[in-house]
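J.: I'd like to go over a predicted model; first the sequence, then the structure.
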Amino acid sequence: MTSPSKNLHQFWSGKRVLLTGHTGFKGSWAGAWLKRMGAEVHGFALAPETDPNLHDLLDLPYASECIADLRDRDAVVDAVKAVDPQLVLHMAAQPLVRRGYREPVETMATNIMGTAHLLDALRTSENLLGVLVVTSDKAYDNDSYDQAHGDVIFREGDALGGRDPYSASKGAQEIVARSFGQSFFRAKSIPVVTARAGNVIGGGDWSEDRLMTDIIAAIATNQAVMLRSPEATRPWQHVLEPVAGYLMFLQAAVEGRVAETALNFGPDTSNTVAEVVDLMLAHWGSNSGRVTDGDGDGKKEARTLALDSSLAKSVLGWQPRLDLASCIEWIAHWHKAQLASQTMTQMTQAQIASYEDLMDRK
């Protein structure tokens, strides 16, 4: 029997892939894995926002890169025509809850209309085999927002919604993807599927309002880690966990092995912010400590989020491979190497190779 990682390599090798969001944290990891498997990867994204950033550190040899905005319909149309993709991984987004409060219209324009622009442009792609749209666990209508109903574990059939602009945009993105899939692509037997992942962490994320960014910055300056909501619970997972799910899901959809159009990808357990911080400090060997700073601008985020990923396990054979302690250890190792000025392309590829080894274990 072909191993799971070899099966992925055989499918993705030589495929012409349009990867939106390739300059971002998760997109950079996806690009590195796709290049490792021999895919012809074309990127579409805004320029990286931070310095340093993973895209520039990896300096991957993409077949082409279009630095443009999803809100620019003409730019999206031109990019799709130029690439003529066989497979599309749509990861580009405005991904931050708190920025969504500051920039609600821009967030919705990117996540909702940007997705509509892309799917509309793909309607005339002659060689298209399938599309995967990455949304979020926050696409669900979170009844536990005010803790009135206790913990909620979301399943794929649960109601979509969103009480803040970002979450609303991701719920709407799901509806847009589903409507385009049913209206324009199903008759051509081209699957359009969506993937909802939990909170993703890993080496190379310097985005604002990211927990690991704040922890590593505090460690580097020997300061206490400032936390807004230490008891908030999230389905933390290493970035390679959902990326593996995305790759497996789109392959299975194209090959006609799954009927599902949406799947969750999250860890078996959720953990509090405080637990993640304490683990990171312990693995790093830092005594920086942590303090509660509170949410200075008063913007609320859901306190409890958890995903039921049993459907992905059942139909794909996907499963989490890294427990939280291992995940934190990998991140500490990656960032210590980066601070020591090591070549991060080699470190990133080594961690992908290690993850593939974990995939192939029973």
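T.: Looks like it came in fine.

J.: so what's residue 312 up against?
T.: Applying C-beta atoms under 8 Å, 6 or more residues apart in numbering, we find residue 312 in contact with 245, 249, 263, 264, 265, 318. Every residue, glycine included, has its C-beta placed from N, CA and C.

J.: for the third one, phi and psi?
T.: Backbone dihedrals for residue 263, given as degrees, to the nearest 10, come out at phi -140, psi 150.

J.: where does this protein dip in pLDDT?
T.: Applying pLDDT under 70 to the chain picks out residues 143-151, 293-305, 362.

J.: the same query, at a cut-off of 80, please.
T.: Counting by pLDDT under 80, the chain contains low-confidence residues at 1, 142-152, 208-209, 228-229, 287-288, 292-305, 362.

J.: give the buried residues for the strand or helix carrying residue 282.
T.: Per DSSP states H and E: residue 282 is located in helix 273-284. The neighbour-count check on helix 273-284 (16 or more other C-beta atoms under 10 Å) flags 273, 274, 275, 276, 277, 278, 279, 280, 281, 283, 284 as buried.

J.: could the residues you listed go into TSV alongside distance to residue 12?
T.: Listed next are the buried residues of helix 273-284 as TSV, based on distance: C-beta to C-beta, whole Å:
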residue	distance to residue 12
273	35
274	38
275	35
276	31
277	36
278	38
279	33
280	32
281	37
283	32
284	34
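
J.: now residue 78: how far from residue 84?
T.: Going from residue 78 to residue 84 by C-beta to C-beta, to the nearest Å gives 12 Å.

J.: in a markdown table, list the contacts of residue 312 along with secondary structure.
T.: Output for those, formatted as a markdown table (DSSP: H, G, I helix; E, B strand; the rest coil):
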| residue | secondary structure |
| --- | --- |
| 245 | helix |
| 249 | helix |
| 263 | strand |
| 264 | strand |
| 265 | strand |
| 318 | coil |
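
J.: ChimeraX command for the buried members of the residues you listed?
T.: Filtering these down to the buried ones (16+ other C-beta under 10 Å) takes a single ChimeraX command:
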select :245,249,263,264,265,318
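
J.: can you get me a residue count around the closest residue to residue 321 other than its chain neighbours?
T.: Leaving aside its sequence neighbours, residue 321 sits nearest to residue 358 (C-beta to C-beta, 6 or more residues apart in numbering; 4.1 Å). Counted with other C-beta atoms under 10 Å, residues neighbouring residue 358 total 16.

J.: ok so, going back, got TSV for the contacts of residue 312, with distance to residue 111 too?
T.: Below are those laid out as TSV (distance: C-beta to C-beta, whole Å):
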residue	distance to residue 111
245	20
249	20
263	19
264	19
265	18
318	25
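
J.: which of the contacts of residue 312 lies closest to residue 210?
T.: residue 265 (18.8 Å; C-beta to C-beta).

J.: check contacts around the closest residue to that closest one other than its chain neighbours.
T.: Taking C-beta to C-beta, 6+ apart, and ignoring the residues beside it in sequence, residue 265 has residue 245 as its nearest neighbour in space, at 3.8 Å. Taking C-beta under 8 Å, 6+ apart as the criterion, residue 245 is in contact with 195, 197, 263, 265, 312, 316, 318.

J.: give me the distance between the first one and residue 106.
T.: To tie it back to what came earlier, the one meant is residue 195. Residue 195 is 23 Å from residue 106, by C-beta to C-beta.

J.: and those two? Which one has more around it.
T.: residue 195 (23 against 15).

J.: give me the sheet partners of the strand or helix carrying the more buried one and which way each runs.
T.: Residue 195 belongs to strand 192-197 when assigned by DSSP H and E. Partner strands for strand 192-197, per DSSP bridges, with pairing direction: strand 130-134 (parallel), strand 262-265 (parallel).

J.: who touches the longest one?
T.: With C-beta under 8 Å, 6+ apart as the test, strand 130-134 has contacts from 21, 26, 87-91, 93, 115, 119, 122, 173-174, 177, 181, 185, 190-195, 197, 246, 249-250, 253-254.

J.: in that strand, what counts as buried?
T.: Across strand 130-134, burial judged by 16+ other C-beta under 10 Å covers 130, 131, 132, 133, 134.

J.: which strands and helices sit next to the very next helix or strand once past that strand?
T.: Going down the chain from strand 130-134, the next helix or strand is strand 153-154, by DSSP H and E. Helices and strands touching strand 153-154, by 3 or more C-beta pairs under 8 Å, 6 or more residues apart in numbering; DSSP states H and E, are strand 306-307.
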